[in-house]
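Trainee: Sequence plus predicted model, see below.
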Amino acid sequence: MAKNRVFTDQELKELSTRTMDAAVQAVEAGDKEKAKKLITRMSKEFQGIHDLYMNWAADLMDYIYTHNGEDALYQAMRKVVESYMGPLAEAYGKADFKRQVTMAAAGLRAHLEALEIEEDDEKVSIKMKPCGSGQRLMESGAYDSPRKLSRLKAHPMTWGLPDFPIYCAHSPIQEMVGIERIGRPAFACIPSEPMAKESCRFLIYKDPDAIPEQLYTRVGKKKPKRS
């Protein structure tokens with residue numbers, strides 16, 4: 001047995017237990033305060049890895065763009081986005097409207113922000129409060145010195161908008177992939193003005209035919225004619 005141990009066997013067991021499992025165990029044991037602390041810890045753990053990957057993606061995109069140009073960034077992002085958005089769009093295409101909304105809300109909640117959700121006769125609109133990625137990057141000063149992430153000129157991957165924050169280019173490309181896979185955006189995004197100063201709005205339409213043509217043309221696509 002080691003003579004210079006720092007941790008007890010119990011401490012090592014606790015460190016190796018998933019926070020979610022520990023929280024469930026605390027709930028089952030009736031220890032509400034411990035469960036609350038573990039839930040808070042789990043949120044902080046997820047926020048840390050969320051932000052690590054968000055910043056990793058942003059800097060990798062910026063490196064591709066500054067060293068290889070606009071087309072290289074577009075092609076790289078197409079490959080990345082198609083790998084996840086293709087299957088996701090197909091799942092949206094098979095789901096009824098209510099399921100589409102719950103899927104979109106679940107995806108946006110993964111940014112660990114509250115949501116503002118409204119419904120009218122035509123659609124449901126979802127907005128993060130605040131945006132947990134693009135807006136948080138902007139507010140952190142990522143586009144200012146010394147980091148100075150790039151801003152893109154007008155292109156279909158910017159919805160045709162100039163001075164576009166590079167990280168946010170994934171969103172227009174998600175719409176391109178959705179249109180290509182199921183004939184429409186799985187969810188259409190209405191950007192804030194100026195971009196990333198607050199959350200965009202994500203729209204899920206009850207009738208795909210009601211999606212405005214402009215939401216197709218801004219990413220270089222045509223609205224399909226439906227029979």
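Mentor: Done, it's in.
Trainee: Residue ranges in this structure under the pLDDT threshold?
Mentor: Residue ranges of the chain with pLDDT under 70: 1, 227.
Trainee: what do you get if the cut-off is 80, keeping everything else the same?
Mentor: Along the chain, the model assigns pLDDT under 80 to residues 1-2, 226-227.
Trainee: can you map out the strands along it?
Mentor: 114-119, 123-129, 151-152, 164-165, 188-190, 201-205 (DSSP state E).
Trainee: Most tightly packed of those strands?
Mentor: Most buried of the strands of the chain by mean neighbour count (mean count of other C-beta atoms under 10 Å) is strand 164-165; its value is a mean of 24. C-betas here are computed from N, CA, C, even on glycine.
Trainee: Contacts made by that strand with the rest, please.
Mentor: Residues from elsewhere that reach strand 164-165, judged by C-beta atoms under 8 Å, 6 or more residues apart in numbering: 134, 137-138, 143, 149, 151-155, 158, 195-196.
Trainee: Swap in 7 Å and give it another go.
Mentor: By C-beta atoms under 7 Å, 6 or more residues apart in numbering, the list of residues contacting strand 164-165 from outside reads 134, 138, 143, 151-152, 158, 195-196.
Trainee: For ChimeraX, what selects the buried ones among those?
Mentor: Of the contacts of strand 164-165, the buried ones can be selected in ChimeraX as follows, counting by 16 or more other C-beta atoms under 10 Å:
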select :134,138,143,152,158,195,196
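Trainee: can you tell me which of the contacts of strand 164-165 are in helices?
Mentor: In helices, judged by DSSP state H, the following of those are found: 134, 138.
Trainee: for this protein, what's the longest helix?
Mentor: Max-length helix for the chain by DSSP H is helix 32-68.
Trainee: So which bits of that one are buried?
Mentor: By neighbour count on 16+ other C-beta under 10 Å, the buried set for helix 32-68 is 35, 38-39, 50-51, 54-55, 57-58, 61-62, 64-65.
Trainee: now swap in stretch 147-164 and tell me
Mentor: 149-150, 152, 155-159, 161, 164.
Trainee: got CSV for those residues, with distance to residue 14 too?
Mentor: CSV is the format used below for the buried residues of stretch 147-164 (distance: C-beta to C-beta, whole Å):
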residue, distance to residue 14
149, 39
150, 44
152, 47
155, 50
156, 51
157, 46
158, 47
159, 48
161, 49
164, 46
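Trainee: tell me the two of those residues that are most distant?
Mentor: 149 and 156 (20.1 Å; C-beta to C-beta).
Trainee: Tell me the spacing between the residue nearest the centre of the chain and residue 114.
Mentor: In the chain, the centroid-proximal residue (C-alpha atoms, centre = their mean) is residue 108; its distance is 6.1 Å. Going from residue 108 to residue 114 by C-beta to C-beta, to the nearest Å gives 10 Å.
Trainee: do the same with residue 51
Mentor: 18 Å.
Trainee: hmm, back to that, possible to save the strands of the chain as TSV with distance to residue 76?
Mentor: Converted to TSV, these look like this (distance: least, C-beta to C-beta, whole Å):
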stretch	distance to residue 76
strand 114-119	30
strand 123-129	26
strand 151-152	13
strand 164-165	16
strand 188-190	20
strand 201-205	24
